[in-house]
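**Student:** fold the following and give me the result.
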Amino acid sequence: MFNYGMKVSVYSDRKAELGQMGWHRACTDISYFKNQVRKDFNNSRFYNTLTFTYEFEHDNDTVFFAYCFPYTYSDL
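**Tutor:** Below you'll find the model as predicted:
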């Protein structure tokens, strides 16, 4: 999905403290592809790589990246 426009989920502690934003979609230059690291030496299964660019907006910030927005068990 990343190769078709999906963006990475991002959470910045500093942005949340300032009341600006919680989890949101961000990042640029997103690419997802099969790499050359084998999962199993007996067959041709390989791992994949996700690369992206993120510009940090605040110093001394903790930033989390996720495939999708996290949710609790009770949200299920």
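**Student:** in the helix or strand of the chain with the lowest mean pLDDT, what counts as buried?
**Tutor:** Ranking every helix and strand in the chain by mean pLDDT, DSSP states H and E puts strand 28-38 at the bottom, with a mean of 90. Burial within strand 28-38, assessed by neighbour count using 16 or more other Cβ atoms under 10 Å, is assigned to residue 30. C-beta coordinates here come from the backbone N, C-alpha and C atoms, glycine included.
**Student:** dump the C-alpha coordinates for the helix or strand following it into PDB.
**Tutor:** Next along the chain after strand 28-38, taking DSSP states H and E as the criterion, comes strand 46-53. Taking Å, rounded to 0.1, in the frame of the first residue of the first chain, the C-alpha atoms of strand 46-53 are listed here in PDB:
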ATOM      1  CA  PHE A  46      13.000 -12.600   1.200                       C
ATOM      2  CA  TYR A  47      12.500  -9.800   3.800                       C
ATOM      3  CA  ASN A  48      11.100  -6.400   2.700                       C
ATOM      4  CA  THR A  49      12.400  -2.900   3.400                       C
ATOM      5  CA  LEU A  50      10.400   0.300   4.100                       C
ATOM      6  CA  THR A  51      12.300   3.600   3.600                       C
ATOM      7  CA  PHE A  52      11.000   7.100   4.200                       C
ATOM      8  CA  THR A  53      12.000  10.600   4.900                       C
END
